[in-house]
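In: turn this into a structure:
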Amino acid sequence: MARHILAAYKEDLHIRFHGGEPSKPRGYVVNVHEIVRAGMVYRDELVRIEAFPVRHGAWREAYGYKVVAQDRTIVISGDAAPSETIVEHCDGCDVLVHEVYSQAGFRKRPPEWQRYHARYHTSTEELAALARKARPKLLVLTHELIWSSNAAAMVEEIRAAGYAGPVAFGNDLDVY
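Out: Got it, this is the predicted structure:
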C-alpha cells in the first residue's frame with residue numbers, strides 16, 4: 001500500500017524536491033511494520049505494544065492494541081465490533097480508546113447499513129456493556145459515527161445504557 005501511495009504521489013514528490021520549495025529530503029520515507037499475527041509488535045525500554053485479534057465483520061485480520069508504559073496502560077480497539085478480547089486486554093486499564101456509533105442514529109439508518117454496522121462496529125449500548133466489564137479508568141470514544149446525534153448525546157446514550165465511568169468524546173490532538 002505504501003509503495004502504491006508513493007507511486008500515486010510521484011509527481012508531487014518530484015515537484016516538492018526539485019521545484020524550488022524547501023523540503024526535507026527524507027520527509028516522505030515510510031517505515032512500514034506489517035502486523036501479520038497477534039502478539040508483541042514493539043518493545044523498547046519505555047513501552048510494549050501488543051496486537052490482539054478483534055472482530056471486524058468479514059475481515060480475517062483486524063487488530064486492537066495494548067500499549068503498556070511504565071505509568072499507564074492504554075488499549076485501542078481498532079475498527080471493531082465488541083469482543084471479549086478487548087475486555088480481557090483492558091481489564092481495568094487506564095485508558096480504553098474504542099470506536100462507537102450512535103444507537104439512536106443507527107435506528108434511522110437503512111436496513112442494509114444497519115446489518116453492516118451491527119457486524120463491523122460497536123453501538124453506544126454495546127460499548128456501555130463492554131466498558132462495564134473492562135472497567136477502564138477512562139473511556140475515550142473514537143471513530144465516532146454520529147449520524148443525526150452529537151457528542152453529548154452519544155455520551156448520554158452510553159450513560160443510559162448503564163456505564164457510569166468517565167467518558168471522553170475523542171477529538172484530534174486531545175491529551176488525556
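In: end to end, how far does stretch 75-85 reach?
Out: With CA to CA, to the nearest Å applied, stretch 75-85 spans 11 Å between its terminal residues.
In: which residues touch the helix or strand bottoming out on mean pLDDT in the chain?
Out: In the chain, no helix or strand scores lower on mean pLDDT, DSSP states H and E than helix 10-18, which sits at a mean of 87. With CB atoms under 8 Å, 6 or more residues apart in numbering as the test, helix 10-18 has contacts from 6, 21, 23, 25, 28. Any C-beta I mention is one placed from the backbone N, CA and C, and that applies to glycine too.
In: now the residues you listed: which count as buried?
Out: Neighbour counting with 16 or more other CB atoms under 10 Å marks none of those as buried.
In: just flag the most distant two among those residues.
Out: L6 and E21 (17.8 Å; CB to CB).
In: counting neighbours, what do you get for the residue nearest to Y120 when sequence neighbours are not counted?
Out: Distance criterion CB to CB, 6 or more residues apart in numbering; nearest residue to Y120, sequence neighbours excluded, is G57 at 3.9 Å. Using other CB atoms under 10 Å, G57 has 15 other residues around it.
In: show me where pLDDT drops low in the protein?
Out: Nowhere does the chain drop to pLDDT under 70.
In: that one: helices as residue ranges?
Out: In the chain, the helices defined using DSSP state H lie at 2-8, 10-18, 84-90, 103-106, 111-120, 124-134, 151-160.
In: keeping just the C-alphas, turn the fourth one into PDB.
Out: Listed next in PDB are the C-alpha coordinates belonging to helix 103-106 (Å, rounded to 0.1, in the frame of the first residue of the first chain):
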ATOM      1  CA  GLN A 103     -27.600   3.800  18.600                       C
ATOM      2  CA  ALA A 104     -30.200   6.500  18.100                       C
ATOM      3  CA  GLY A 105     -28.700   7.300  14.700                       C
ATOM      4  CA  PHE A 106     -28.400   3.600  13.800                       C
END
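In: other residues contacting that helix?
Out: Contacts of helix 103-106 (CB under 8 Å, 6+ apart): 114, 117-118, 123-125, 145-149, 153, 157, 161.
In: could I get the helices of the chain as TSV with distance to M40?
Out: TSV is the format used below for these (distance: least, CB to CB, whole Å):
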stretch	distance to M40
helix 2-8	23
helix 10-18	34
helix 84-90	13
helix 103-106	35
helix 111-120	27
helix 124-134	21
helix 151-160	31
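In: I'm done for today, thanks for sticking with me.
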